[in-house]
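A.B. asks: predicted model and sequence follow; I will ask about them next.
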Amino acid sequence: APRAMADLFEGIVQAEQRFHREGYQEGYAEGTHIGIAEGRRYGSLHGARIGSEIGCYLGFALMWHCLLQKCTDEKSSKKIKALNSLIEMIQKFPYEDPTYDKLQEDLEKIRAKFKQVCSMLNIQSDFRIGTERPSLTF
């Protein structure tokens, strides 16, 4: 009887360990799946915000570049040069590479250049990102 009791106890311990291992594996797989889905959703949202912001800067720069093209004075040529620099920075931005390690750094440089251009054009820049839609106010 003691041997049968020991075997029964060992069976219970092994079953508990097996259930623990299986439960852990299932939980890990489920957590990984949820984490990937959550990461993809966050990445899409964040990417869309950055795309919207940069697209707004590019549209702004192209419009002003077009408006100033006919001006030949020195002040206008400095503004055009700054606009060209902003346009070039935006065109070089690696949209297709989600692993680009200097994304935040380059984005900050583009934002700074945009603010500089706005200052040169005597335009108040107010770009908001959040629940509301991105907007520029003049």
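C.D. replies: Thanks, I have the structure now. Residues are numbered from 1 along each chain as shown.
A.B. asks: and the next helix or strand past the helix or strand in which His65 is found?
C.D. replies: Using DSSP states H and E, His65 sits in helix 2-68. Downstream of helix 2-68, the first helix or strand assigned by DSSP H and E is helix 74-92.
A.B. asks: elements contacting the helix or strand following that next one?
C.D. replies: Toward the C-terminal end, the helix or strand that comes next after helix 74-92 (DSSP H and E) is helix 103-120. Judged by 3 or more CB pairs under 8 Å, 6 or more residues apart in numbering; DSSP states H and E, the packing partners of helix 103-120 are helix 2-68, helix 74-92. All C-beta atoms are positioned from the backbone trio N, CA, C, and that covers glycine.
A.B. asks: tell me the buried residues in helix 103-120?
C.D. replies: Neighbour-count burial for helix 103-120, with 16 or more other CB atoms under 10 Å as criterion, is recorded at Leu103, Ile110, Lys113, Phe114, Val117, Cys118.
A.B. asks: can you check stretch 96-103 too?
C.D. replies: In stretch 96-103, counting by 16+ other CB under 10 Å, buried: Leu103.
A.B. asks: contact partners for Lys109?
C.D. replies: Contacts for Lys109 (CB atoms under 8 Å, 6 or more residues apart in numbering) come out as Met89.
A.B. asks: now tell me which helix or strand of this structure has the poorest mean pLDDT.
C.D. replies: helix 2-68 (a mean of 88; mean pLDDT, DSSP states H and E).
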